[in-house]
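K.L.:
Build me a structure from this.
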Amino acid sequence: MVILFLNTGLRVSELCSLELGNITISERKGEIRVMGKGEKARAVPLNNAARSVLGEWLNLRPEGCQQAFVGKKGEPMTPSGVHRRLSELGRRAGVDLSAHILRHTFAKNLVDAGVTLEKAVSVLDG
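P.N.:
This next block holds a predicted model:
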């Protein structure tokens, strides 16, 4: 989840509602289709790192649910479950970690790479 958040800028709600049928991954490209804020659909491109970790997760995750991210019992992941997992990872690493921090880091990385702030905001909001 951390690598996916860092490389896509997804919102927690978008990650939790992501269904298997909305994921396209090939060797050279990939994208996920999500329903964003205000029920606005957007396509989120997947770079190599995101494709790699998402592909690995899809091979490991338990079957029986259409959501891409599921909990230990195979039920769809909830926003509070994501927050708890990220908080625990941050605690173990000794850093403050949340999905919102990762989303901001994604945007900052875009700006640092030369993308204008307006374009970075556009990428985040579709």
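K.L.:
neighbours of the residue nearest to Leu117 when sequence neighbours are not counted, just the number please.
P.N.:
Distances taken as C-beta to C-beta, 6 or more residues apart in numbering put Val111 closest to Leu117, at 5.9 Å, once the chain neighbours are dropped. The C-beta positions use only the backbone N, C-alpha and C, and glycine is treated the same way. Close neighbours of Val111, defined as other C-beta atoms under 10 Å, add up to 13.
K.L.:
so Val111, which of the three states?
P.N.:
The three-state assignment at Val111 reads helix, by DSSP: H, G, I helix; E, B strand; the rest coil.
K.L.:
repeat for the one 4 residues further on
P.N.:
Remark: Val115 carries the secondary structure label coil [criterion: three-state DSSP].
K.L.:
What is the end-to-end distance of stretch 106-120?
P.N.:
9 Å (C-alpha to C-alpha, to the nearest Å).
K.L.:
go on, stretch 62-71?
P.N.:
First residue to last in stretch 62-71 (C-alpha to C-alpha) measures 9 Å.
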